[in-house]
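In: I would like the atomic coordinates for the input below:
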Amino acid sequence: MGLSKKDVQHIANLARLEVSDEQIDDYVEKLTQILDMVDALKEVDTSEVLPLAHPLHMSQPLRVDEPTEKNQRDLFQANTEHVEQGLYTVPKVIE
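Out: Purely as a prediction, here's the structure:
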């Protein structure tokens, strides 16, 4: 499958890429090679190939959800007067 200069310019426009006239011929050649390789892969018979393992079919070992550090909220909030019921208070910024 070959691409034309017009095809590459259209693809570049859709991708919002700026491609100069000097680069077009190189892009046409390289993109055509990529598409030819994909076409060659389509011809390979994979009917005997088993699907690969997929991580969604495996169980995830989970650890126990336990705190690893002690609660130091009171120590941290001792540095400010702007605390109410264990929460920092801030000025209202949305009307």
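In: Centroid-nearest residue for the chain?
Out: Ala15 (17.0 Å; Cα atoms, centre = their mean).
In: just checking, what's the longest helix in the protein?
Out: In the chain, assigned by DSSP state H, the helix with the most residues is helix 21-42.
In: Which positions within that helix qualify as buried?
Out: Neighbour counts over helix 21-42 (16 or more other Cβ atoms under 10 Å) mark Ile24, Tyr27, Val28, Leu31, Thr32 as buried. Heads up, the C-betas are built off the backbone N, CA and C, glycines and all.
In: Centre of this structure to the edge, which residue is at the far end?
Out: What lies farthest from the middle of the chain is Glu81; by Cα atoms, centre = their mean that is 42.3 Å.
In: Return the distance of that residue relative to Ile94.
Out: Distance check for Glu81 against Ile94: by Cβ to Cβ, to the nearest Å, it reads 23 Å.
In: Next: Lys5.
Out: When Cβ to Cβ is the yardstick, Lys5 and Ile94 sit 53 Å from each other.
In: Neighbour count for these two, which is higher?
Out: Counted by other Cβ atoms under 10 Å, Lys5 and Ile94 do not tie: Lys5 has more neighbours, with 13 against 3.
In: Can you tell me the closest non-neighbouring residue to the more buried one?
Out: Leaving aside its sequence neighbours, Lys5 sits nearest to Ile24 (Cβ to Cβ, 6 or more residues apart in numbering; 5.2 Å).
In: and if you look at Thr89?
Out: His82 (4.6 Å).
In: can you count the residues close to that neighbour?
Out: 10.
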